[in-house]
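S.K.: Quick check, what structure comes out for this input:
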Amino acid sequence: MSTAAVAALPKSAPAPLPISTPPRELYRFTVAKYLDLVAAGVLGPDDHVELLEGWLVQKMSRNPPHDGTLNLIIPLLLSLLPLDYVLRNQSALVLARSVPEPDLAMVRGPGTLYLKRHPRPADVGLLIEVADSSRLLDRREKGKLYAEARIPEFWLINLVETQVEVYTQPKGGKSPAYKQRQDYQAGQEVPLILNGQEVGRLAVSSLCPVKA
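M.R.: Take a look at the predicted model:
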């Protein structure tokens, strides 16, 4: 609200509510209800939302460093992908109370499995988020969701610090988190491990080709 508009209010008028304060309790969606809204066309790609812990959350706007990096690393990952895995790009993943859309997901194939359903945690070998301005959200909130779902490995490609953060050993419970974090810097290679086996290595410089 502009200064002039505030000055025009009667002296008895209540102060404007902070924009972050909802007037009433918000409605929390189940995964089933959220998927029903998507199937009915009520929510679509143009809405740019995902379900996190029952809340409809606006997805971060994408910028050239994010999208450019994503497009550069997809062929690198495909070149190492075992035949029994599928690489999914910004596609839905069904968790207990959330339907996030990670930037990349390596899931067990064949791809025809996902013509009638989205992958679930047991299908996932690796999740990857490419992050600049969203790195804190991805690290804390997305990392917590993925650990709670026991996703075995989560990579955060951090374009600001030019590093790849690899999270492993997920634990659930009241404080879900990854117990192990390994940061890989320029000049190092990140091992790509699926189903307990190393299938290749990728240079940090190829995963973080530009600093955001």
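
S.K.: hang on, isn't V57 packed against E50?
M.R.: Yes. In this structure, V57 is within contact of E50 by C-beta atoms under 8 Å, at 5.8 Å. For glycine as for every other residue, the C-beta is placed from the backbone atoms N, C-alpha and C.

S.K.: more neighbours, these two?
M.R.: E50 (20 against 16; other C-beta atoms under 10 Å).

S.K.: quick check: domain ranges of the protein?
M.R.: The chain breaks down by automatic domain parsing into domains covering 3-58, 64-207.

S.K.: Mean confidence (pLDDT) on the shortest one, please.
M.R.: It stands for domain 3-58. Domain 3-58 shows a mean pLDDT of 76.

S.K.: hey, where'd the helices end up in this protein?
M.R.: 3-7, 31-39, 64-80, 135-137, 143-148, 204-207 (DSSP state H).

S.K.: Give me the common contacts of V57 and E50.
M.R.: Counting by C-beta atoms under 8 Å, 6 or more residues apart in numbering, no residue touches both V57 and E50.

S.K.: Any chance you could list what contacts stretch 132-152?
M.R.: Contacts of stretch 132-152 (C-beta under 8 Å, 6+ apart): 52-53, 60, 63, 65-66, 95-96, 98, 100, 102, 121, 124-127, 129, 131, 154, 156, 158-160, 165, 167-168, 170-172, 176-178, 212.

S.K.: just stretch 193-200 next, same as before
M.R.: S79, L80, L81, P82, Y85, M106, G125, L126, E153, P191, L192.

S.K.: 7 Å instead?
M.R.: Stretch 193-200 is contacted from outside by L80, P82, Y85, M106, G125, L126, E153, P191, L192, using C-beta atoms under 7 Å, 6 or more residues apart in numbering.

S.K.: Near the first one, how many other residues are there?
M.R.: In terms of burial, L80 registers 16 neighbours under the definition other C-beta under 10 Å.

S.K.: what does the third one give?
M.R.: By the other C-beta under 10 Å criterion, the neighbourhood of Y85 contains 22 residues.

S.K.: got the buried residues for stretch 175-193?
M.R.: P176, A177, Y178, Y184, V190, L192, I193 (16 or more other C-beta atoms under 10 Å).

S.K.: Quick one: end-to-end distance for it.
M.R.: End-to-end distance for stretch 175-193: 25 Å, by C-alpha to C-alpha, to the nearest Å.

S.K.: Closest one of the buried residues of stretch 175-193 to R28?
M.R.: P176 (18.5 Å; C-beta to C-beta).

S.K.: ok, the closest one to G109 distance?
M.R.: 27 Å (C-beta to C-beta, to the nearest Å).

S.K.: and the nearest residue to R120 once chain neighbours are set aside, how many neighbours?
M.R.: Nearest residue to R120, sequence neighbours excluded (C-beta to C-beta, 6 or more residues apart in numbering): V94, at 5.3 Å. For V94, the neighbour count with other C-beta under 10 Å is 19.

S.K.: which residues does V94 contact?
M.R.: Contacts of V94 (C-beta under 7 Å, 6+ apart): V31, H118, R120.

S.K.: doesn't L127 make contact with F154?
M.R.: Yes. Using C-beta atoms under 7 Å, F154 makes contact with L127 at a distance of 5.0 Å.

S.K.: Many thanks, we can stop here.
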